[in-house]
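Student: Sequence and predicted structure, then a few things I'm wondering about:
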Amino acid sequence: MQPLAKNSFNPAAGLDSASADINKIMRLSYGTEIDYQRLAYEAGEIWKSWNKQIELGTNNLPAGLEKEDKLWYSTGMLRMSATEDYGEFELRTLENMQKEGLREMQYMCDNPEDILRARSRGWGQKLDPLDKKKRLGYNTAVLDSTAGFVAADKACHWVWHLCQRAGVHFVQDPTRGKVTQIVDDGDKVIGIKTADGLEHHSDMVIVACGGWTPTLIPEVRSLLETTAGSVATIHIDEVTMPHLWQKYAPENMPVLTWGMKEGKGVYMLPRTKEGVIKFGYRATKWTNYDTVGDGQRISVPKTAHVTDKKESNIPKKSLNSIKEFISINTPDLLPLEFSATKLCWYTDSIDNSFVIDHVPNKPGMFVCSGGSGHGFKFLPILGREIVPILEGRGQDTVYGKMWRWREDKALTLGNKRNGLQEGEGGPRVLAKQDMASPRDWRVNSEASRL
């Protein structure tokens, strides 16, 4: 367990947690998945209230958080097509936004009525911030004014602070805080064992361990797999690059996604106050197979700082896809170089939905996992839905049904399996990839013109 709170959850301090990141996208658009859309909208209201609490200094802010800090940034999100056509997912999303009374907050960037409405509401400058209509002849995109991003590191620090005030005790120590084994007495789970050799007994063990969940719970391996998205950053300087500094500021630039349903799978977030622009590639979710404690080979995290086998590079396929995004969409960044890359480890479920339930045939064990790369936005509200499930009175709620334990064979007929069927023989294994190192960090390379 890393000393996250000691370092204010700042990833620059050498922290590898997927959640302790500089920022995460906050989107409400979920296509036909209307229940996730509703939950995201409710979560958004809590994010806004947390901004207000921090601004007012409520609950005596912890060291590392200031009244000027924000968790939620209402920048909007521009969902850009990689072609001149709108994808089916985008059209279904707009239909559901209409049903939910949110269509007025969505703006099709080539629809004259939507353009006029966006301009009248102060969103006009974010319809085409990359000047794509002039440069490419089309701007097939939807601006979602309900979306934006959250400062993930500060959000983790804020929630840690709230939990401490509520009486939660954290053990953030590389030995005392590292779980090595789930302990049972033959009939039920009774606790955990930590790396210092001590056992800690409890009435219920709740496993919410991100990418390490399948390692600790073998039973969940048919439902969850540890995978990595790819992240690269570019640093811009306020003094020497004033135009770029202004252009990519959150007040001027929305979150950008590009070709998500066309196999491109790249996103970009506005610059931070330190001048960091973050890009992500999620079209291919990488796996890393290794032998774990029970002798099985499964995918486990391989990070830059914490794991025994370390990795700070990303596959060239990921980096080249990001370069392609920059070449087409943000060509003014072509003269620059990437400042860092990293793999961001999640747990993907077979159907991209959470797995939150009591583990079958394991009394005393409860699992919360399967964020599938879209879970962080629900940080303020997941507990409201989890507690009834944990207490045995929420299994028949909307989310209790969505997140309950499901058997893999029930999802093999026409439903997603999210690549879990590939195993170590699949094409996404990191050991099979050509990895990009700092010598590949020039943005304006041949790869950017692929």
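Tutor: Cool, got the structure. Residues are numbered from 1 along each chain as shown.

Student: Which residue is the nearest non-sequential neighbour of residue 102?
Tutor: Counting by CB to CB, 6 or more residues apart in numbering, residue 146 is the residue found nearest to residue 102 once chain neighbours are left out, at 6.5 Å. Using the backbone N, CA and C atoms, a C-beta is placed for each residue, glycine as well.

Student: Residue 402 too?
Tutor: residue 353 (5.6 Å).

Student: try residue 85
Tutor: Excluding the flanking residues, the one nearest residue 85 by CB to CB, 6+ apart is residue 140, at 6.6 Å.

Student: Residue 225 and residue 326, how far apart?
Tutor: Relative to residue 326, residue 225 is positioned 30 Å away (CB to CB, to the nearest Å).

Student: same check, this time on residue 320
Tutor: 11 Å.

Student: Looking only at neighbour counts, state which of these two leads.
Tutor: For residue 320 versus residue 326, the count of surrounding residues by other CB atoms under 10 Å is larger for residue 326: 24 against 19.

Student: I'd assumed residue 333 was in contact with the more buried one.
Tutor: Yes. Counting by CB atoms under 8 Å, residue 326 touches residue 333, with 5.2 Å between them.

Student: re earlier: how close does the residue nearest to residue 402 sit to residue 406?
Tutor: Counting by CB to CB, the gap from residue 353 to residue 406 is 9 Å.

Student: cool, and residue 352?
Tutor: From residue 352 to residue 406 the distance is 13 Å (CB to CB).

Student: So which of those two has more stuff around it?
Tutor: residue 406 (18 against 15).

Student: So the more buried one belongs to a helix, correct?
Tutor: No. Under DSSP: H, G, I helix; E, B strand; the rest coil, residue 406 sits outside any helix and is assigned coil.

Student: So it versus residue 211, what's the distance?
Tutor: Taken as CB to CB, the span from residue 406 to residue 211 is 20 Å.

Student: With residue 204 instead?
Tutor: 22 Å.

Student: Show me which of these two is the more surrounded one.
Tutor: residue 211 (28 against 14).

Student: check contacts around residue 199.
Tutor: 183, 191, 192, 193 (CB atoms under 8 Å, 6 or more residues apart in numbering).

Student: tell me the contacts of the residue lying closest to residue 117 once chain neighbours are set aside?
Tutor: Excluding the flanking residues, the one nearest residue 117 by CB to CB, 6+ apart is residue 107, at 6.7 Å. Listed by CB under 8 Å, 6+ apart, the contact set of residue 107 reads 114, 115, 117, 118, 123, 127, 142, 143, 145.

Student: Confirm residue 107 sits in a strand?
Tutor: Yes. Applying three-state DSSP, one finds residue 107 inside a strand.

Student: can you pull out the helices in the stretch 1-150 of the chain?
Tutor: 34-55, 88-99, 112-120, 132-136 (DSSP state H, counting those that start in this stretch).

Student: what separates the last one from the chain centre, distance-wise?
Tutor: The gap between where helix 132-136 is centred and where its chain is centred comes out at 30 Å by CA atoms, centre = their mean, to the nearest Å.

Student: neighbouring contacts of stretch 372-383?
Tutor: So stretch 372-383 is contacted by 19, 24-27, 39-40, 42-44, 46-47, 50, 150, 152, 155, 159, 229, 282, 285, 346-349, 352-354, 368, 418 (CB under 8 Å, 6+ apart).

Student: who's residue 287 bridged to?
Tutor: Under DSSP bridges, the beta-bridge partners of residue 287 are residue 429.

Student: can you check the one 4 residues further on too?
Tutor: Per DSSP bridges, the residues bridged to residue 291 are residue 297.

Student: I'd say it and residue 309 touch.
Tutor: No. Counting by CB under 8 Å, residue 291 does not reach residue 309; the two are 11.5 Å apart.

Student: anything in contact with each of those two?
Tutor: In contact with both residue 291 and residue 309: no residue, using CB under 8 Å, 6+ apart.

Student: Show me the helices in the stretch 301-450 of the chain, by range?
Tutor: 316-329, 382-390, 398-403.

Student: Could you point out which of those helices sits nearest residue 432?
Tutor: Among the helices of the stretch 301-450 of the chain, helix 316-329 comes nearest to residue 432, with 10.9 Å by CB to CB.

Student: Return the residues in contact with the nearest residue to residue 253 once chain neighbours are set aside.
Tutor: In this structure, residue 253 finds its nearest non-sequential neighbour in residue 270, 4.3 Å apart by CB to CB, 6+ apart. Under the criterion of CB under 8 Å, 6+ apart, the neighbours of residue 270 are 73, 75, 149, 248, 249, 250, 252, 253, 254, 255, 277.

Student: Looking at these, state which has the most neighbours.
Tutor: residue 254 leads the contacts of residue 270 on contacts (other CB under 10 Å) with 28 neighbours.

Student: where's it relative to residue 263, distance?
Tutor: 22 Å.

Student: do residue 71 as well
Tutor: 32 Å.

Student: With residue 309 instead?
Tutor: 30 Å.

Student: low-confidence ranges in the chain?
Tutor: Scanning the chain for pLDDT under 70 picks out 1-2, 408-416, 445-450.

Student: What distance do you get for the residue nearest the centre of it to residue 152?
Tutor: The structure's the chain has its C-alpha centroid closest to residue 373; by CA atoms, centre = their mean the separation is 4.2 Å. For residue 373, the distance to residue 152 equals 13 Å [CB to CB].

Student: In a markdown table, list the contacts of residue 107 along with neighbour count.
Tutor: As requested, the contacts of residue 107 are exported to a markdown table (neighbours: other CB atoms under 10 Å):
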| residue | neighbour count |
| --- | --- |
| 114 | 19 |
| 115 | 18 |
| 117 | 16 |
| 118 | 23 |
| 123 | 18 |
| 127 | 24 |
| 142 | 25 |
| 143 | 25 |
| 145 | 20 |
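
Student: Return the closest of the residues you listed with respect to residue 217.
Tutor: Once CB to CB is applied, the member of the contacts of residue 107 that ends up nearest residue 217 is residue 142, at 39.0 Å.

Student: tell me, how many neighbours does the residue nearest to residue 286 when sequence neighbours are not counted end up with?
Tutor: Once flanking residues are discounted, residue 286 sits nearest to residue 228: 4.5 Å by CB to CB, 6+ apart. A count of neighbours around residue 228, defined by other CB under 10 Å, yields 30.

Student: List the contacts of residue 228.
Tutor: 285, 286, 287, 288, 301, 302, 343, 344, 345, 346, 430.
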